[in-house]
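1. Structure for the following, please:
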Amino acid sequence: MEHFFEAVTPYDQKALRDFAKIHYRRTHLVMLALLPLLGGLLLLVGVGSLLLPFSELGASAWLLVAAGGALLLLEGRFLTGRVAVRASTPEAVPVYRLRFYPDRVEYASRQTQGFYYYHQLIRALEGPEYFYLYTSREQALLVGKAGMTLGEPWQLREFLAQALGPRFKP
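-> You can find the predicted model right below:
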């Protein structure tokens, strides 16, 4: 059976960082808004209470509150895309070839291969440089637009919209 589209995508540090950004910004929006807000509030209360003591709690307790706020702020920053790939050499970065057929998408790398029928995909998102085909709540196949060897990104967008319906968010 002939495939419609094909893409070769290295899962390097940039690809995974882009996935983390789009994933957390589109699927964990409430958490991304709450962490910095709560962290900033705790940091202000902790530092403010150290400068203007108005409680029976000691300085060390307010210092802990301030430190907790700073940690929440850092955690919110981490979730917006600070993901590292543990690949010491370019050869260690996995490269996936994805082929799109009428009823399924097949993937293959040097270590693994398989396929998903389109009805098995939970959702698909489109970012500036990648398409993300979610196979579970937290995992996705990445399709690099620059790595398309058969077809154009706009054609794949139209195909995914038809194959996935409302589960595809361009």
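
2. What ranges in the protein fall below the confidence cut-off?
-> For the chain, the stretches with pLDDT under 70 are 1, 24-66, 68-91.

3. now the helices for it?
-> 13-27, 29-51, 59-79, 153-164 (DSSP state H).

4. Now do the buried residues in the first one.
-> When neighbours are counted by 16 or more other CB atoms under 10 Å, the buried residues of helix 13-27 are found to be Ala15, Leu16, Asp18, Phe19, Ala20, Lys21, Ile22, His23, Tyr24. (C-beta placed from N, C-alpha, C; glycine too.)

5. go on, the shortest one?
-> For helix 153-164, a neighbour-count test (16+ other CB under 10 Å) marks Pro153, Leu156, Arg157, Phe159, Leu160, Ala161, Ala163, Leu164 as buried.

6. next one: stretch 144-151
-> Quick answer for stretch 144-151 (16+ other CB under 10 Å): Gly144, Lys145, Gly147, Met148.

7. quick one: which of these sit in strands?
-> Of these, the ones assigned to strands by DSSP state E are Gly144, Met148.

8. just the buried residues of stretch 144-151 now: which is nearest Pro128?
-> Within those, the smallest distance to Pro128 is 8.3 Å, found for Lys145 (CB to CB).

9. give the contact list for Ala15.
-> By CB atoms under 8 Å, 6 or more residues apart in numbering, Ala15 lies in contact with Thr9, Tyr130, Leu142, Gly144.

10. biggest separation within those, which pair?
-> Longest span within the contacts of Ala15, CB to CB: Thr9 and Tyr130, 7.5 Å.

11. okay, and the common contacts of those two?
-> Ala15, Leu142, Val143, Gly144.

12. my guess is Lys145 contacts Trp154, does it?
-> No. Lys145 lies out of contact with Trp154 (CB atoms under 8 Å); the separation is 9.6 Å.

13. shared neighbours of those two, which are they?
-> Counting by CB under 8 Å, 6+ apart, nothing touches both Lys145 and Trp154.

14. From Glu2, how far off is Phe19?
-> 29 Å (CB to CB, to the nearest Å).

15. pretty sure Leu141 is in contact with Leu125, am I right?
-> No. Between Leu141 and Leu125 there is no contact under CB under 8 Å: 11.4 Å.
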